[in-house]
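In: The following comprises the amino acid sequence and a computationally predicted model.
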Amino acid sequence: MAIEAKWQERWEARGTNAPDLTRAAKPYYNLMMFPYPSAEGLHVGNVFAFIGADIHGRFRRLAGHDVFEPIGFDAFGIHSENYALKVNMHPGALIPRNIARFRDQLRRIGLMVHWKHELSTTDPAYYKWTQWVFLQLFKAGHAYRKAGAVNWCPDCKTVLANEQVIDGFCERHPETPVTQRWLEQWFFAITRYVERLLNNLEKLDWSDSTRTLQANWIGRSEGAELVFVTPTGDRIPVFTTRPDTIFGATFLVLAPEHPLVDALTAAEQREVVTRYRRKVSEMDVVARRVGAREKTGVFTGGYARNPATGENVPVWIADYVLMDYGTGAIMAVPAHDERDYEFARLMRLPITQVVAGDQPLPFTSRQGTLTNSGAFDGMRCDEAIGKISDWLAQRALGKRQVQFRLHDWCISRQRYWGPPIPIIYCDTCGPVGVPEKDLPVLLPETEDFRPDDSGVSPLARIESWYRVPCPQCGAAGRRETDVSDTFLDSAWYFLRYPSTGHADVPFDRSLTKQWLPVDSYIGGNEHAVLHLMYARYVTMVLHDLGHLDFEEPFTRFRAHGMIVREGAKMSKSRGNVVVPDQYVAKWGADTFRMYLMFLGPYQEGGDFRDEGIVGQRRFLDKVWDVVHATSMAGGASVPDRVVRKLHQTIRGVSEDVPELRYNTALAKLMEYVNELRKMEAGQKGHGIPASLVEPLVVMLAPFAPHFAEECWERLGHQATVFEAGWPAFDAELAKEDQIELVVQVNGKVRARIAASAGLPEAQAIALARADEVIRKFIDTNEIRKVIFVQDRLVNLVV
Ligand SMILES: [Zn+2]
Ligand SMILES: [Zn+2]
């Protein structure tokens with residue numbers, strides 16, 4: 001423990017972890033996801049993530065790179081604000097305290113952080129540029145206002161993203177059903193980049209799991225937009241991935257909010273339609289989307305013409321159709337769609353089979369041929385998809401189309417704790433961006449920051465703040481009172497880190513050129529769809545506007561796994577959360593680091609059990625003994641097997657560490673230490689040559705940095721172990737020993753072949769049988785029996 005404090009002080013004093021960014025020969029940007037500084041402090045999940053990333057950074061450094069490893073704090077947002085509300089404090093007072101605590105914890109676990117580049121998203125010197133990013137998107141036409149139905153948590157008193165609603169309840173308030181509200185908000189047009197966001201995924205060196213999550217979230221589907229026309233001539237477009245089944249579309253279902261509902265509703269249905277629409281408006285968006293419960297819906301009394309059959313089909317409304325996905329209307333083909341089938345059965349609507357097959361309905365496979373489909377009868381479904389789309393296109397009743405699940409990004413939050421959106425409304429000029437010279441728009445200090453049920457931001461209560469002249473015409477204007485989404489803060493922070501010292505620009509051109517894109521980014525897959533997608537999008541826009549010369553921010557991304565405790569997920573309610581501080585205090589940071597990395601494959605995670613830690617401590621004690629048994633004078637003669645083990649260990653660890661296989665790397669180091677101890681025990685008093693011990697200390701350094709520094713010093717070195725360079729191995733020396741295997745056939749020696757020592761029986765037999773001479777003797781005879789003596793003999797009895 002004293003050792004750890006000593007080295008942390010020394011790193012600080014010597015600037016060991018603070019490279020001069022302007023003078024790096026081989027820059028390597030090693031990024032980890034910055035934490036939100038909660039009052040509880042770092043949890044073991046954070047620590048696991050950071051340590052894995054830190055090991056990667058330290059390894060790169062030993063391999064000759066100038067590694068930049070920054071950290072910061074994602075301190076704005078609803079988590080911080082809700083906590084402040086709970087403990088009845090101002091978030092502005094709470095956050096600095098939490099950050100101080102996090103900083104101590106991060107130092108304590110021995111991260112290689114370049115503290116001069118620390119940032120916090122709540123710092124006006126930072127969020128000035130978050131607002132600048134907003135303005136760039138606004139000027140480029142990427143930011144727009146739209147009114148829409150949104151998820152509203154009555155407890156959070158703010159809008160929730162769909163991803164934050166779990167089975168109809170708020171993710172932060174599992175007791176609170178989410179409701180729906182109609183609000184005008186700011187959006188970023190991320191859907192404009194949807195193809196690029198999808199196609200670029202193939203080129204990225206990212207975890208497959210993360211790429212899949214992104215691709216699914218983008219949700220590309222190919223199909224067609226087909227048009228149903230009402231008797232009064234209104235056109236109702238619908239998107240379908242199965243235009244081949246249009247002849248089986250026996251009714252339409254519209255979102256209750258669809259603009260044509262009023263016009264379509266027949267007088268006798270008006271009352272029931274109105275009542276249904278009112279009921280739906282009280283539901284949340286996600287419950288409607290998932291809809292595991294029984295389907296509901298009502299008939300409007302109106303009809304529209306099926307573009308293929310020319311027949312009028314009834315038009316219904318139902319809550320499971322959403323206005324913001326696709327066109328807000330679907331064609332129902334009950335014979336070939338589960339949900340439509342269920343709805344048709346429930347409402348007693350007609351069902352027409354149009355794909356031939358003898359399975360029971362609904363029959364949803366695309367492997368089939370058409371029936372009841374006029375001129376298209378007998379055509380294969382996959383062929384008909386294009387043919388029918390084109391046929392309807394010729395009659396202006398359809399077109400081929402690709403659709404995405406991804407929505408535009410809602411930026412507005414009706415809360416206090418965020419950067420004010422830099423917009424001023426003017427009756428004449430409309431929304432005007434705050435001139436860049438007037439940034440930052442400071443978040444006003446107020447004690448009255450509690451959200452209320454009005455749906456309006458607390459900033460709207462500070463009249464002296466929001467009443468400002470229009471920057472364009474000087475008339476009386478009004479500031480936007482919403483703040484921006486926390487995900488905007490984190491969508492560009494990696495651009496800021498190298499340039500934190502530059503007050504005049506968001507990111508310095510030459511530093512950015514030198515250090516970005518990020519070489520390695522490590523974080524959790526829980527951020528795969530929001531944070532990582534938004535960061536890619538913002539980078540793309542800034543690239544297109546000429547601010548950056550790359551469009552993908554993270555060259556390599558790896559998702560780390562999760563830590564559970566004794567098989568169970570950790571949670572406050574279970575009371576099984578591992579508080580890292582206690583373990584670090586008891587065992588030291590190095591032992592704790594090694595223990596976490598030894599739990600399992602880093603990218604899969606592991607099961608935390610208290611009793612396992614002592615094993616890591618014993619291992620470090622063994623290394624300590626080995627270091628003390630090191631002879632500077634050369635030591636004893638070294639058996640070949642130890643030399644081989646050294647080179648094999650270097651080879652294995654050099655392969656494992658860059659691939660984040662930390663647990664297997666540690667296992668190899670443990671084996672090697674046992675080999676050294678065996679050797680030493682056999683030659684008491686001679687000491688172990690330094691050439692066998694130094695590579696061990698260097699390879700251990702990323703895992704146990706303080707301990708390795710101390711060992712390195714004891715081995716007589718002045719400079720930090722992190723300047724020692726990663727050890728090289730000799731492939732020849734790493735080769736397994738060759739032995740001579742005697743091969744007999746029916747007890748007579750017929751050949752002697754070279755094989756590696758320790759070859760198991762099956763492989764030895766295969767090798768013997770493959771030998772030119774032996775093949776002649778065994779010919780086509782069946783081998784009846786084998787006598788095998790390892791590393792000596794194979795006797796084949798035929
Ligand atoms: Zn809530
Ligand atoms: Zn104006």
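Out: Everything's here; your move. Ligands and ions are numbered 1, 2, ... in the order given.

In: Sketch out the low-pLDDT regions of the stretch 451-600 of the chain for me.
Out: Residue ranges of the stretch 451-600 of the chain with pLDDT under 70: none are present.

In: repeat that for 80
Out: 453-455, 571-573 (pLDDT under 80).

In: Can you name the residue of it nearest ligand 1?
Out: Closest to ligand 1 within the stretch 451-600 of the chain is Pro451: 10.6 Å, counting by CB to the ion. Quick note: C-beta positions are derived from backbone N, CA and C, even for glycine.

In: Quick one: neighbours of that residue, just the number.
Out: 22 (other CB atoms under 10 Å).

In: same deal with Tyr83?
Out: Look at Tyr83: counted by other CB under 10 Å, it has 17 neighbours.

In: Tell me how far the helix or strand where it lies lies from the chain's centre.
Out: According to DSSP states H and E, Tyr83 maps onto helix 78-86. Centre-to-centre, helix 78-86 and its host chain are 25 Å apart (CA atoms, centre = their mean, to the nearest Å).

In: residues contacting the closest residue to Leu346 other than its chain neighbours?
Out: Nearest non-adjacent residue to Leu346, counting by CB to CB, 6 or more residues apart in numbering: Lys295, 5.8 Å away. When contacts are counted by CB atoms under 8 Å, 6 or more residues apart in numbering, Lys295 touches 318, 320, 339, 342-343, 346.

In: Could you measure from Lys295 over to ligand 1?
Out: 28 Å (CB to the ion, to the nearest Å).

In: Leu495: what's it in contact with?
Out: Contact analysis of Leu495 by CB under 8 Å, 6+ apart lists 506-507, 512, 516, 539, 542, 548, 553.

In: can you check His142 too?
Out: By CB under 8 Å, 6+ apart, the contact set of His142 is 188-189, 192, 541.

In: so when I look at the residue of the stretch 451-600 of the chain closest to ligand 1, I'm seeing a strand, right?
Out: No: with DSSP: H, G, I helix; E, B strand; the rest coil as the criterion, Pro451 is located in coil rather than a strand.

In: Can you tell me how far the closest residue in space to it that isn't next to it in sequence is from Leu759?
Out: Take Pro451 and drop its neighbours on the chain: the residue closest to it by CB to CB, 6+ apart is Lys157, 3.7 Å away. Separation of Lys157 from Leu759 (CB to CB, to the nearest Å): 71 Å.

In: top helix in the protein by residue count?
Out: Criterion DSSP state H: the longest helix present in the chain is helix 662-682.

In: Look up how far Val721 lies from whatever residue of the stretch 651-798 of the chain ends up closest to ligand 2.
Out: Residue nearest to ligand 2 within the stretch 651-798 of the chain (CB to the ion): Leu660, separated by 54.6 Å. Distance of Leu660 to Val721, computed by CB to CB: 21 Å.

In: So the two - more neighbours on which side?
Out: A direct count of neighbours by other CB under 10 Å for Leu660 and Val721 places Val721 higher, at 25 against 22.

In: how near is the closest residue to that one other than its chain neighbours to Ser499?
Out: In space, and not counting its chain neighbours, Val721 is closest to Trp712: 3.9 Å by CB to CB, 6+ apart. Trp712 sits 34 Å away from Ser499, going by CB to CB.

In: ok so, going back, is it true that the residue nearest to Pro451 touches Asp453?
Out: Yes: the pair Lys157 / Asp453 is scored as a contact, 6.2 Å apart, by CB atoms under 8 Å.

In: These two - which one has more neighbours?
Out: Shown here are Lys157 and Asp453; by other CB under 10 Å, Lys157 has more neighbours (19 against 8).

In: still on that earlier bit, for the residue nearest to Pro451, list the residues it contacts.
Out: 414-415, 451-453, 455.

In: Could you dump those into JSON lines with distance to ligand 2 added?
Out: Shown next, in JSON lines, are the contacts of Lys157 (distance: CB to the ion, whole Å):
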{"residue": "Gln414", "distance to ligand 2": "25"}
{"residue": "Arg415", "distance to ligand 2": "27"}
{"residue": "Pro451", "distance to ligand 2": "30"}
{"residue": "Asp452", "distance to ligand 2": "30"}
{"residue": "Asp453", "distance to ligand 2": "32"}
{"residue": "Gly455", "distance to ligand 2": "26"}
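
In: just curious, which of those residues is nearest to Asp640?
Out: Using CB to CB, Arg415 comes nearest to Asp640 of the contacts of Lys157, at 68.8 Å.

In: and the closest one, how many neighbours does it have?
Out: For Arg415, using other CB under 10 Å, the count is 25.

In: Just want the phi and psi numbers for it.
Out: phi -130, psi -180 (degrees, to the nearest 10).

In: do the same with the one 10 residues further on
Out: As for Tyr425, its main-chain torsions (degrees, to the nearest 10) stand at phi -90, psi 140.

In: Bridged to it, which residues?
Out: On the basis of DSSP bridges, Tyr425 is bridged to Pro431, Arg478.

In: With that, I have no additional questions.
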